[in-house]
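Visitor: Provided below for reference: sequence and predicted model.
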4 protein chains.
Amino acid sequence: MKKNPKESGKQSGDTTLSTEQRILTAALAEFAQRGLAGARVDEIARRAKINKQALYYYFGSKDKLFQAALTFGYGKSMAGLDLDDLASLPADAAMRRVIGVIFDHFRETPYVVEMIAHENHYRGEHLTEDVLAAVREAVAPLRAAIRLVLRRGQKEGLFARQTDPTQFYLTVFATCMFHFANAFTLSAILGQDLLAEPMIAKRRRHLQDVLVGGLRIQPNG
Amino acid sequence: MKKNPKESGKQSGDTTLSTEQRILTAALAEFAQRGLAGARVDEIARRAKINKQALYYYFGSKDKLFQAALTFGYGKSMAGLDLDDLASLPADAAMRRVIGVIFDHFRETPYVVEMIAHENHYRGEHLTEDVLAAVREAVAPLRAAIRLVLRRGQKEGLFARQTDPTQFYLTVFATCMFHFANAFTLSAILGQDLLAEPMIAKRRRHLQDVLVGGLRIQPNG
Amino acid sequence: MKKNPKESGKQSGDTTLSTEQRILTAALAEFAQRGLAGARVDEIARRAKINKQALYYYFGSKDKLFQAALTFGYGKSMAGLDLDDLASLPADAAMRRVIGVIFDHFRETPYVVEMIAHENHYRGEHLTEDVLAAVREAVAPLRAAIRLVLRRGQKEGLFARQTDPTQFYLTVFATCMFHFANAFTLSAILGQDLLAEPMIAKRRRHLQDVLVGGLRIQPNG
Amino acid sequence: MKKNPKESGKQSGDTTLSTEQRILTAALAEFAQRGLAGARVDEIARRAKINKQALYYYFGSKDKLFQAALTFGYGKSMAGLDLDDLASLPADAAMRRVIGVIFDHFRETPYVVEMIAHENHYRGEHLTEDVLAAVREAVAPLRAAIRLVLRRGQKEGLFARQTDPTQFYLTVFATCMFHFANAFTLSAILGQDLLAEPMIAKRRRHLQDVLVGGLRIQPNG
DNA sequence: AATGAATGAGTTTTCATTCAT
DNA sequence: TATGAATGAAAACTCATTCAT
């Protein structure tokens, strides 16, 4: 059913995408921007350039489409993270790299960030086992990378023993995602545009400094 | 906009709350849970135990009520943070204390966390100058505390010079808020209840360790 | 809420009816003619001269309105049957009278006949206890009249002992209702208009003759 | 309208039924249960285990399929009534037999009963000449049987002269069909299951008693 | 200040029917 | 003949807002 065109970074044309793919892409964008309640089925159909009913033909209801978009978003989201050459770097440099990769990733796929936020407002009720399985699979490589690098640094006497990999994963995830998930609100409050290029670069560096710094064996701690 | 109805001769309502207060409280809860689009005016009226018209009488429209709830939530939110005796502590202990206070605060006022997230989806469009002024005033003590403690630590040679107070403020804010804003989604994904008491305590300690650790002058950094 | 205008036979004007009454009257007509699936909510609103949403305000859904119309129809239907002076007549004349009254009744309130038929297609699933109670109350006087007259005739040696009142009630009900419930189909098949006045009169007499005849003690039976 | 597709080389389907037969059988069941408006084309296709398009290929539209199902149902319905040996019985016994046969027939082919009821709601508009011819042919033997037995009984001085055969046909038809057409509704109202075996047997006997009794010359009528 | 009832404008959903293969 | 996908039209239902009192 799916032609799986593998168009690399940016979608050059809609024609090579299957109807199902087009609907999912459109749904992800609309749901991410407006949430489940705020999203309009008509608008999703318009974006996907399909008839509204095709959407029901494929997905059954707005709710089910939301779930599908959630899964789709996560799957797409964590795919293609460049976490390959970490072993060749010192542990602290490797961890900086991981943080940078995640940060860049959230920067480039803002939808996922927002879907997570939306879903959280529904207290996870759309996270069926299907969705969860897809999500877990998607985040597995990232969690693994963090665990490996952390353990290595700990063995090498570079990182403090006490740090728990899952906790650190949450911390990295939180800080990187937060910046893009709350950029508008925070920009308004702080009175400076957090999405301007220099601010983003500054934030990236800060997080690498502080988070990797926080892992090290402390001089007097 | 507000008629400020003379403080109720007969207290027909909940306790001693004015109609306006009851509406705001109800609106904050409803908006936080369901967002602007998802919230139902009928439901807010029901929760506030008032007639739907009273709501329009006091606030004019759903949008305006959302703004009012945003301001109300923020005002309530940051009030009463116990940031007084920081000067008597060493800079690192003081910063641990600040992080703990913020973390505890988000734990206790979940609505605010969610309002910020919701508002972000509207790209900050409801953040009028009125709202912003209220928000800035509310967060000012917190930002000041972080800046003061950070500067002191830097002067005392405990913290690295390079760390920017606003950046660190964002990092603390992000990590503390994130835990409660995304607890449901993350609990489902990780397969463990992030809101269980031991997990919360663990997370609190981890954040204090890593974030304060990240501020220190690094042995080899 | 209800002004209860008690306009006797024909409704002279809609203005004296409450909104609820107008909706029910319109719904009964529409549902009777087209069934639950075939009825149009818009059409009911139009007939009732109200906004469509008022209908949801009062009744919640199309299904619930159907139930309400069913109850309403039954209640209205069996009200005002003239079954008073039966005791003054000989049992056979009294039973002829009862049959005539029922027959005339179905003739004049065709909606009820059709609602029963419709509901039967849903295998009674809309007959909640509320509806059933209303229906049972509505048919009670009729069942009582048949039972009393039948018992009297049996005591007086006019009617055969074996006849069961409920069975005879069903027979009367079936034959009287059937004529009007299936008049169109049957007219087409038989090639004669069963709703023409002479045909109706003939049918009425026939039923009185045969059904009361069937009750008598048979000469050689 | 019908392409009469050559009797299937490969019998992929249910048994040996042609596609057309399978569609008609499925349609009859669906239409009988839900009526024209309530029936779903998808559901008929599903029941018939064919693609929805085959249905349009064979019958053109939902309406035309309804007509075809009506004809099909009637044709099937009245076929095989065992009305052969009536002449050898006394007129009253013969008439009991006729009533029993019709009663049993409706018991066994409930769909027809419901189709008649449904069609009546459309005021007979689907009863084209084609359909009517089929129906008339189907009921002809039954009407003839009633007329013959009635006339014989009248000649023999057993039945009263006044009874009209068509009227009596209607009465028999009404009472027998009614029991099964309205069983669900009536069972709910009366609080007893009219389709339980003893109730059916009781009803059958009652109808034979009362209706044949009603034909007799009355002692004092 | 407060309320029950009403409503306009939308929104999701359904469904018979047709198209391309 | 047969099918999976698509679609136009209409249907049920929702919801913020206002009216009359």
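Guide: Everything's here; your move.
Visitor: Can you tell me how far residue A:125 is from chain C?
Guide: Distance of residue A:125 to chain C, given as CB to the nearest CB, to the nearest Å: 24 Å. C-beta coordinates here come from the backbone N, C-alpha and C atoms, glycine included.
Visitor: contacting residues for that residue?
Guide: For residue A:125, the contact set (CB atoms under 8 Å, 6 or more residues apart in numbering or on different chains) is empty.
Visitor: Kindly state the pLDDT recorded for it?
Guide: Looking at residue A:125, its pLDDT reads 82.
Visitor: Roughly how far does it sit from residue B:185?
Guide: According to CB to CB, to the nearest Å, residue A:125 and residue B:185 sit 10 Å apart.
Visitor: ditto for residue A:113
Guide: 11 Å.
Visitor: now do residue A:35
Guide: 14 Å.
Visitor: ok, now residue A:23?
Guide: Noted for residue A:23: a distance of 23 Å to residue B:185, by CB to CB.
Visitor: residue ranges with poor pLDDT in chain A?
Guide: Judged by pLDDT under 70, chain A has its weakly predicted residues at A:1-16, A:219-221.
Visitor: who in it is up against DNA strand F?
Guide: Proximity of chain A to DNA strand F, by CB under 7 Å from any atom of the strand, involves residues A:1, A:19, A:50-54, A:57-58.
Visitor: among the residues you listed, which ones are buried?
Guide: Among the residues of chain A next to DNA strand F, those buried by neighbour count (16 or more other CB atoms under 10 Å in any protein chain shown) are A:19, A:50, A:58.
Visitor: Now render those residues as CSV, adding distance to residue D:27 and secondary structure.
Guide: Below are those laid out as CSV (distance: CB to CB, whole Å; DSSP: H, G, I helix; E, B strand; the rest coil):
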residue, distance to residue D:27, secondary structure
A:19, 31, helix
A:50, 31, coil
A:58, 28, helix
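Visitor: which one of those sits closest to DNA strand F?
Guide: residue A:19 (3.8 Å; CB to the nearest atom of the strand).
Visitor: Could you verify my assumption that the closest one touches residue A:53?
Guide: No. If you go by CB atoms under 8 Å, residue A:19 and residue A:53 don't touch, sitting 11.8 Å apart.
Visitor: Quick check: the closest residue to residue A:159 other than its chain neighbours vs chain B, distance?
Guide: Leaving aside its sequence neighbours, residue A:159 sits nearest to residue A:153 (CB to CB, 6 or more residues apart in numbering or on different chains; 3.6 Å). Here the distance between residue A:153 and chain B works out to 12 Å (CB to the nearest CB).
Visitor: what comes up buried for the helix or strand containing residue A:153?
Guide: Counting by DSSP states H and E, the element that carries residue A:153 is helix A:129-155. Neighbour counts using 16+ other CB under 10 Å place A:131-132, A:134-135, A:138-139, A:142, A:145-146, A:148-150, A:152-154 of helix A:129-155 among the buried residues.
Visitor: Same list (the buried ones among the residues of chain A next to DNA strand F) but as CSV, adding distance to residue C:170.
Guide: Formatted as CSV, these follow (distance: CB to CB, whole Å):
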residue, distance to residue C:170
A:19, 57
A:50, 56
A:58, 51
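Visitor: Residue C:217: which of these is nearest?
Guide: Nearest to residue C:217 out of these is residue A:58 (CB to CB; 72.2 Å).
Visitor: Number of residues surrounding the nearest residue to the closest one once chain neighbours are set aside?
Guide: In this structure, residue A:58 finds its nearest non-sequential neighbour in residue A:20, 5.6 Å apart by CB to CB, 6+ apart. As a burial measure, residue A:20 scores 19 neighbours (other CB atoms under 10 Å in any protein chain shown).
Visitor: What are the phi and psi values at residue A:20?
Guide: phi -60, psi -50 (degrees, to the nearest 10).
Visitor: Residue A:54 is in contact with that one, correct?
Guide: No. Contact criterion CB under 8 Å: residue A:20 and residue A:54 do not qualify, at 9.2 Å.
Visitor: Quick check: residue A:104 vs residue D:214, distance?
Guide: 93 Å.
Visitor: Give me the more crowded residue out of the two.
Guide: Each of residue A:104 and residue D:214 has its neighbours counted (other CB under 10 Å); residue D:214 has more, 27 against 15.
Visitor: residues touching that one, list them.
Guide: Residue D:214 neighbours (CB under 8 Å, 6+ apart): C:209-214.
Visitor: Distance-wise, check the residue nearest to residue A:192 when sequence neighbours are not counted relative to residue B:193.
Guide: Using CB to CB, 6+ apart and skipping residues adjacent in sequence, the residue nearest residue A:192 is residue A:199, 6.7 Å away. Distance, residue A:199 to residue B:193, using CB to CB: 35 Å.
Visitor: From the neighbour counts alone, determine which of the two ranks first.
Guide: Using other CB under 10 Å as the criterion, residue A:199 and residue B:193 rank with residue A:199 on top: 18 against 15.
Visitor: you'd agree that one is up against residue A:190?
Guide: No. Judged on CB under 8 Å, residue A:199 makes no contact with residue A:190 at a distance of 9.7 Å.
Visitor: give me the number of residues near the closest residue to residue A:181 other than its chain neighbours?
Guide: Computed as CB to CB, 6+ apart, the closest residue to residue A:181 that is not its neighbour in sequence is residue A:113, at 4.5 Å. The number of residues packed near residue A:113 is 24, by other CB under 10 Å.
Visitor: And residue A:113, its phi and psi?
Guide: Torsion angles at residue A:113 (phi, psi; degrees, to the nearest 10) stand at phi -50, psi -40.
Visitor: Please tell me how far it sits from chain D.
Guide: Distance of residue A:113 to chain D, given as CB to the nearest CB: 40 Å.
Visitor: element containing the closest residue to chain D within chain A?
Guide: In chain A, the residue that lies nearest chain D is residue A:57 (11.5 Å; CB to the nearest CB). Residue A:57 is part of helix A:52-59 when elements are defined by DSSP H and E.
Visitor: same for that helix, what does it pack against?
Guide: Using 3 or more CB pairs under 8 Å, 6 or more residues apart in numbering or on different chains; DSSP states H and E as the contact test, the elements touching helix A:52-59 are helix A:19-38, helix A:41-48, helix A:62-78.
Visitor: How about it and DNA strand E, touching?
Guide: Yes. Residues of helix A:52-59 contacting DNA strand E under CB under 7 Å from any atom of the strand: A:52-53, A:56.
Visitor: Now the helix or strand that residue A:93 is a member of - C-alpha only, PDB.
Guide: Applying DSSP H and E as the criterion places residue A:93 in helix A:91-108. Output in PDB follows, covering the C-alpha atoms of helix A:91-108 (Å, rounded to 0.1, in the frame of the first residue of the first chain):
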ATOM      1  CA  ALA A  91      33.000  10.100  27.200                       C
ATOM      2  CA  ASP A  92      32.500  13.700  27.900                       C
ATOM      3  CA  ALA A  93      32.800  14.700  24.300                       C
ATOM      4  CA  ALA A  94      30.500  11.800  23.400                       C
ATOM      5  CA  MET A  95      27.900  13.100  25.800                       C
ATOM      6  CA  ARG A  96      28.100  16.600  24.500                       C
ATOM      7  CA  ARG A  97      27.500  15.100  21.100                       C
ATOM      8  CA  VAL A  98      24.400  13.200  22.300                       C
ATOM      9  CA  ILE A  99      23.000  16.300  23.800                       C
ATOM     10  CA  GLY A 100      23.700  18.300  20.700                       C
ATOM     11  CA  VAL A 101      22.000  15.600  18.500                       C
ATOM     12  CA  ILE A 102      18.900  15.600  20.600                       C
ATOM     13  CA  PHE A 103      18.700  19.300  20.800                       C
ATOM     14  CA  ASP A 104      19.100  19.600  17.100                       C
ATOM     15  CA  HIS A 105      16.500  16.900  16.600                       C
ATOM     16  CA  PHE A 106      13.800  18.700  18.600                       C
ATOM     17  CA  ARG A 107      14.700  21.900  16.800                       C
ATOM     18  CA  GLU A 108      14.000  20.200  13.400                       C
END
